[in-house]
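# pasting the sequence and the predicted coordinates here, then a few questions.
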Amino acid sequence: MPKKSVSKAAVLPRIRRKGAKTAAYPIIILTALLGIFVCCALFFRPESRFAEDPAVDTAADAGQLDAGGTQAAEPEEPEKVVYLTFDDGPSAVTEDILDYLQQEEIPATFFVIGMETDRAEQLLRRMVTEGHAIGLHTYSHSYSEIYASPDAFFADQEKLCNYLKPIIGYLPTIFRFPGGSCNATAEEWTLNEICRRAKEKGLVWFDWNSLAEDSGATAAPADRMAQNIISTGGGKNRILILMHDNSVRTTAVDCLRIIVPYYKEKGYTFETLTADTKPIQFRD
Ligand SMILES: [Zn+2]
């Protein structure tokens, strides 16, 4: 009897110990997995986190995060820039545009075409003298001709360069596609090939991210153009505005009288486009 009770007492703890050991396996496995996870997270953190999170990347670029990733005392404001651009000039309204820009002491960029008149040459020289940028917009502006092939496009562009060089004293290295770098007239292959060759030639094209929608047959009301510019530009830091400079656009200056003070008030500066400006493009 005593022998039997001793034997039972000796077996029971052994069973309990075995049960406890079995129950501990999931805890050990979970602990091991957690350890592996933490190690991986620490190991991959620097590249993956900054590469996949543009907000963090931007903050780091802007100096808002210090080396340890904590918030710096005085975050830098991102630069707020407006690029005013006018296509299709020089024209009968160019002088008014230049007068207003001079009055406001701000520069703009003119994507010009081949207007071989004394008046046009005078306006082109004035653009240069007053610090504006000149870009290529094709000589003929004839969609059927320039988009017939990449060769046709660059032959037309060369004609414009030959016309401009003696007048303005340099060869522009920026251009704008008539209709933009994505347009319904040209074939995809043609546009892609023009882009490829442009890069080879060191030319940079600019599209836009804000527009007046002033391409109608008659002049659009200035307040509607301004509203279109402001609504399409939104709160972007870099706003590249497309407007037109031709004899129909008689409301262009009145539109400028609305949007220039508007953006000045919001702390934007006005700059010209150059080949070094970070491009805004519909295709790259
Ligand atoms: Zn145009």
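The structure has been received and is ready for your questions.

# what parts of the stretch 151-284 of the chain come near the ion?
Pro178 (C-beta under 5 Å from the ion). The C-beta positions use only the backbone N, C-alpha and C, and glycine is treated the same way.

# mind redoing it with 8 Å?
176, 178-179, 244 (C-beta under 8 Å from the ion).

# so which helix or strand takes in Cys182?
According to DSSP states H and E, Cys182 maps onto no helix or strand at all.

# burial count for it?
When neighbours are counted by other C-beta atoms under 10 Å, Cys182 registers 13.

# now the residue nearest to Arg283 when sequence neighbours are not counted: how far from Val112?
Leaving out its chain neighbours, the residue that sits closest to Arg283 by C-beta to C-beta, 6 or more residues apart in numbering is Ser181, at 4.9 Å. Remark: distance between Ser181 and Val112 (C-beta to C-beta, to the nearest Å) = 18 Å.

# keeping just the C-alphas, turn the strand or helix carrying Tyr83 into CSV.
Per DSSP H and E, Tyr83 falls inside strand 81-87. Extracted C-alpha coordinates of strand 81-87, given in CSV (Å, rounded to 0.1, in the frame of the first residue of the first chain):
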residue,chain,number,x,y,z
VAL,A,81,7.6,78.9,-57.6
VAL,A,82,5.3,80.0,-60.4
TYR,A,83,6.6,79.7,-64.0
LEU,A,84,4.5,81.9,-66.3
THR,A,85,4.7,80.6,-69.9
PHE,A,86,3.2,82.1,-73.1
ASP,A,87,2.9,80.1,-76.3
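
# distance from it to the middle of the chain?
13 Å (C-alpha atoms, centre = their mean, to the nearest Å).

# buried ones in the helix or strand following that strand?
Downstream of strand 81-87, the next assigned helix or strand under DSSP H and E is helix 94-104. The neighbour-count check on helix 94-104 (16 or more other C-beta atoms under 10 Å) flags 94, 96-98, 100-101 as buried.
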